[in-house]
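Visitor: Any chance you can model this:
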Amino acid sequence: MEFLYVVIGMVLVFDFINGFHDSANSIATIVSTKVLSPLTAVIFAAFFNFLAYFIFHTKVADTIGRGVVDPDVLNLSVIAAALFAAIIWNLLTWWWGFPSSSSHTLVGGLIGAAISKAGVGSVVVSGVVKIVSFIFIAPLMGMVISFTISAIVLYLFRKMTPSKIDKYFRKIQLFSAGAFSLGHGGNDAQKSMGIIWVALIVTGHTTKNDPIAHWIVLSCYSAIACGTLLGGWRIVKTMGQKITKLRPFEGVCAETAGSITLFMATHFGIPVSTTHTITGAIIGVGARKGVSAVKWGVTRNIFWSWILTIPVSALIGAAFYHFLNWVM
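Guide: Numbers count the residues shown, from 1 in each chain. Now for the predicted structure:
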């Protein structure tokens, strides 16, 4: 019973770090365009992270609970090892300033720990393939949608001076940033809910047929909102300044594209990376200005962190699972 409490605590720590790590996704554009101050931006984003509690169903949580590894293989040691891997990789990438995926590091940790316990057959291949495919699909969707929206906006406002366009869109960006933060909370907090739910199932405190308890949903949304409130400023700098220079209307286009992608993914229960989504959207608005407007060296480093997240997290998860077995 005590180990269950430890695991639930680890989930909430991961969720808090997720918010802390991924707050850059929600606030980087609105801070870099100077529409909001950093402090106001994180409060704004945290509020909309929590607001997702009242809006989204828990389809993503169900995918994490059943669609990554065979639920029958899961026990508290596997779950704890996966969480340890996710926390370590999130902290490392935050320190390096890389906007990696909290979602994928959790998936990688689960895969590594489950394989250590029961072999490759414990992995739900179809579910993992769906998640891995969105490493490419999510940023591509964000890129295409943001490129299209920014081109349409420029055409519609072609008779306005750039300064007037920016002045108009500074107000609109409050809505687009709020929508993206809402999508961030709706998709990311659910991954932690799925882990607590599975932990309760394997310890006999609930069943697969029971709905996810409200205290789980509420605690996970609260944890991610509190993490967002602190803000991961190292990654904010990478997202908001190093990829391309953003103006308010471009921030609106990027956030709107990211919101559309996240809302669609959450509706269909697909755990996507908010990091990948907004990075692709920022690249899209930058590419509209020309290839040279995007700092491709920075994006190449970000891309490599995306590719490495699942395998590195799987290795950490596998190693920690063996360590737990040795200790216990």
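Visitor: OK, contacts around I87?
Guide: If a contact means C-beta atoms under 8 Å, 6 or more residues apart in numbering, then I87 has M10, V13, F14, I17 as its contacts. (Glycine included, C-beta is placed from N, CA and C.)
Visitor: oh sorry, the question was meant for V13
Guide: Residues in contact with V13 (C-beta under 8 Å, 6+ apart) are L83, I87.
Visitor: Tell me which stretches of the stretch 201-328 of the chain form helices.
Guide: In chain order, the stretch 201-328 of the chain shows helices spanning 214-230, 233-237, 248-267, 274-288, 296-327, with DSSP state H, counting those that start in this stretch as the criterion.
Visitor: How about the stretch 1-150 of the chain?
Guide: Secondary structure of the stretch 1-150 of the chain, counting by DSSP H, counting those that start in this stretch: helices at 2-32, 38-51, 59-66, 76-96, 102-118, 125-156.
Visitor: Now do the fourth one against helix 296-327, angle only.
Guide: Between helix 76-96 and helix 296-327, the angle formed by their directions is 150 degrees, by axes from the mean of the first three to the mean of the last three C-alpha atoms, to 10 degrees.
Visitor: quick one: buried residues of helix 76-96?
Guide: 76-90, 93-94 (16 or more other C-beta atoms under 10 Å).
Visitor: Mind checking the pLDDT average for it?
Guide: When the per-residue pLDDT values of helix 76-96 are averaged, the result is 90.
Visitor: and the nearest residue to S305 once chain neighbours are set aside, how many residues sit next to it?
Guide: Leaving out its chain neighbours, the residue that sits closest to S305 by C-beta to C-beta, 6 or more residues apart in numbering is F98, at 4.2 Å. With neighbours defined by other C-beta atoms under 10 Å, the count for F98 comes to 20.
Visitor: these two touch, right, F98 and I302?
Guide: Yes - here F98 reaches I302: they are 6.4 Å apart, a contact under C-beta atoms under 8 Å.
Visitor: Could you list the low-confidence segments of the chain?
Guide: For the chain, applying pLDDT under 70 flags the ranges 1, 22-26, 28, 97, 99, 231-245, 291-299, 301.
Visitor: how far away is G178 from S77?
Guide: In this structure, G178 and S77 are 40 Å apart, going by C-beta to C-beta, to the nearest Å.
Visitor: on that earlier part again, quick one, which of the helices of the stretch 1-150 of the chain is nearest to C220?
Guide: helix 2-32 (5.4 Å; C-beta to C-beta).
Visitor: Next, count neighbours for K59.
Guide: Residues contacting K59 under the criterion other C-beta under 10 Å number 17.
Visitor: How about C226?
Guide: For C226, using other C-beta under 10 Å, the count is 17.
Visitor: OK, contacts around it?
Guide: If a contact means C-beta under 8 Å, 6+ apart, then C226 has F16, G19, A46 as its contacts.
Visitor: Please tell me how far the residue lying closest to the first one once chain neighbours are set aside sits from T203.
Guide: Counting by C-beta to C-beta, 6+ apart, F16 lies nearest to G227, which is 4.0 Å off, once chain neighbours are set aside. G227 sits 26 Å away from T203 when distances are taken as C-beta to C-beta.
Visitor: Of the two, which one has the most company?
Guide: Shown here are G227 and T203; by other C-beta under 10 Å, G227 has more neighbours (27 against 14).
Visitor: which residues touch the more buried one?
Guide: By C-beta under 8 Å, 6+ apart, the contact set of G227 is D15, F16, I17, N18, G19, F20, H21, S23.
Visitor: In those residues, find the pair that's most separated.
Guide: Greatest spatial distance among those (C-beta to C-beta): D15 and S23, at 12.6 Å.
Visitor: which one is A254 nearest to, not counting chain neighbours?
Guide: What sits nearest to A254 in space, not counting adjacent residues and going by C-beta to C-beta, 6+ apart, is A281, at 4.0 Å.
Visitor: since we're on that neighbour, how many residues are nearby?
Guide: Residues near A281, counting by other C-beta under 10 Å, number 35.
Visitor: Report the contact partners of it.
Guide: For A281, the contact set (C-beta under 8 Å, 6+ apart) comprises P139, G142, M143, I145, S146, C253, A254, E255, A257, G258, T261.
Visitor: what angle sits between the host helix or strand of Q173 and helix 59-66?
Guide: Assigned by DSSP states H and E, Q173 falls within helix 162-202. Relative orientation of helix 162-202 with respect to helix 59-66: 40 degrees, computed using the same axes, to 10 degrees.
Visitor: Which other helices and strands does helix 162-202 contact?
Guide: Helix 162-202 sits against helix 2-32, helix 38-51, helix 59-66, helix 76-96, helix 102-118, helix 214-230, helix 248-267, helix 274-288, with contacts defined as 3 or more C-beta pairs under 8 Å, 6 or more residues apart in numbering; DSSP states H and E.
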